[in-house]
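Enquirer: Quick check, what structure comes out for this input:
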Amino acid sequence: MAEKSDKKKNINELEKLAEEVLKLKQEREQRRPLLIEFCGSPKSGKSTTITSLNIFLKRNGFNTVVLTERASVCPIENKTHPFFNIWTMASAIAEIVKHLNMGAGKVDIIISDRGIFDALCWFEWLNSNPASASPYLDDKTYKDLKTFILMDIWRDYQDLIYIFKVEPKTSIKREYSNLLTEKRGTIMTEQVLGGFNNSIDNVEKLYGNKFRNIQVIKTDTPETDEDPNKVGYLVTNQILKNLKDLLIEKIGYFPDSLGSKLKYGVNSLEIINEEKLSFGNRDVIEEKNFIQPIAIVVITNAKRDKILVVKKGNKRTSIDSPERDRLLTYIGGHIRIEDLRDSTFSTLIQTLHREIQEEIGESLNIQQNTPFLIYTPDNEVSKKHLAVCFVIEMDLEDKKFKLVTDEFIMKTGTTKSGHVLKISELVSSKEKSLGKDKILGKDKIENWSRVILNTLFNTKLLYEKPSKPISIFDKNINLFTTS
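Expert: Numbering: from 1, shown residues only. From the prediction side, this is the model:
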């Protein structure tokens, strides 16, 4: 009776948490699907848990996709040949990339039954078996495969990894409990299973800190061996909490004292080099006076006579936002905690890689850049935001960009959002690209974009005056006259 009561209590708790997450999903844009990988010992209960998890999520309003493990359909018969795990790894990556590219909304959660972490464990095993002197996989090939697996481009999307572990005797017991044979397969031996468990431990110890969140669950303890519901509850609870954290967003910020070091307009990147970047929940940080760095990038051509412009939709901008109803000459966004790297500069680069992918679906090189800071504290919102501006020069002749987020107004009607415009038509009072005069009107340019146009394109646009006097910045304000 107590067991039924506990199960009902767990279900109620999970359903309440699911409601909270769904409410957050309605209020905020989920920028990409959550990616979860299940890996570990054979017969450790991964498939059972994945099935239970998927049913719960679907019936509680989430769009999920399950990527089935590829080993069972691998055309390579010899499971100890490196080709076997190379094929399964490549197949898993192909499926993950396909569904990540679909974007949030179509898919909320991707559940991968084995993936890149699992592949790393198997390559570790191949490199140490059957004997360290003569392994299935040589050191050089293992090193090359490991480098490939540990690339940021894969790891950045790994939100949660579950390692399910059982003792070799448990794997074998579960494997043969419903079979009419006791003949052992290639993998289902005590020696291989024990060696693989050791490889899992080694990989977690050596490379676990390179992944965002790893949870190890032993499914043959007295608590979990005969109770898959216990494991399912623990996993589902953790995943919902992770999805909630992803929706809330933890963003980077500098102390508010940084504001006194900044002048109005353009500043040197050196100003933030010694500042500590901290992180907190976005809804909390935006209520404080901290300085939030925004990594932005200007996309132009080598001649610097053309530029990509966008405009944010009103659903994604508050009434007091400087970006509301304005043309922007940049894309970008807040630094998130998952962007964190070993230096502020590399963190900014990672932020832009993610933002460019999320906003225009492109992968662009931004390494060879010396960014500058833009600070225009015109109102209470602007005072809390500091742009770190990078530049990308590329061939824009006949280039068309696809805005892949609902944050921007799409290329519909007469809007300029998402179009590549000539600098001359952008800064003039009239725009003739549609074959007729069209007054700029509502498509005004906000202040960061004005600073960008003046600094990078030698225009002479007037910065808009602060709506309220800001005495400590008055002496530094550099107003240009219109040409």
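Enquirer: Who's the closest spatial neighbour of the spatially most central residue of the chain, skipping the chain neighbours?
Expert: Nearest to the mean C-alpha position of the chain, by CA atoms, centre = their mean, lies residue 157 at 5.5 Å. Nearest non-adjacent residue to residue 157, counting by CB to CB, 6 or more residues apart in numbering: residue 35, 5.0 Å away. Quick note: C-beta positions are derived from backbone N, CA and C, even for glycine.
Enquirer: Mind listing residues that contact the helix or strand hosting that neighbour?
Expert: Assigned by DSSP states H and E, residue 35 belongs to strand 34-40. For strand 34-40, contacts defined as CB atoms under 8 Å, 6 or more residues apart in numbering pick out 46, 49-50, 96, 100, 108-118, 121, 157-165, 200, 239, 242-243, 246.
Enquirer: Return the subset of the residues you listed lying in helices.
Expert: 46, 49-50, 96, 100, 116-118, 121, 200, 239, 242-243, 246 (DSSP state H).
Enquirer: just for the chain, where's the confidence low?
Expert: Applying pLDDT under 70 to the chain flags the ranges 1-5, 103-105, 178-186, 224-228, 314-322, 367-368, 405-407, 410-415, 429-443, 463-483.
Enquirer: how about the closest residue to residue 258 other than its chain neighbours, what does it touch?
Expert: For residue 258, ignoring the flanking residues on the chain, the nearest one in space by CB to CB, 6+ apart is residue 291 at 4.7 Å. Residues near residue 291 by CB under 8 Å, 6+ apart: 253-256, 258-259, 384-386.
Enquirer: at 6 Å what do you get?
Expert: 254, 258, 386 (CB atoms under 6 Å, 6 or more residues apart in numbering).
Enquirer: Need those residues in a markdown table (columns: distance to residue 25 and neighbour count).
Expert: Formatted as a markdown table, those follow (distance: CB to CB, whole Å; neighbours: other CB atoms under 10 Å):
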| residue | distance to residue 25 | neighbour count |
| --- | --- | --- |
| 254 | 30 | 20 |
| 258 | 33 | 17 |
| 386 | 29 | 23 |
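Enquirer: Show me which of those is closest to residue 277.
Expert: Nearest to residue 277 out of the contacts of residue 291 is residue 254 (CB to CB; 6.6 Å).
Enquirer: Against residue 459, how distant is the closest one?
Expert: 29 Å (CB to CB, to the nearest Å).
Enquirer: measure stretch 59-76 end to end?
Expert: For stretch 59-76, the first-to-last residue distance is 37 Å (CA to CA, to the nearest Å).
Enquirer: do stretch 256-271 as well
Expert: Note: stretch 256-271 ends 13 Å apart using CA to CA.
Enquirer: do the same with stretch 247-264
Expert: OK, stretch 247-264 end separation, CA to CA: 33 Å.
Enquirer: before we move on, what about stretch 263-275?
Expert: 16 Å.
Enquirer: and it, how far from the chain's centre?
Expert: Averaged C-alpha coordinates place stretch 263-275 at 27 Å from its chain's average position (CA atoms, centre = their mean, to the nearest Å).
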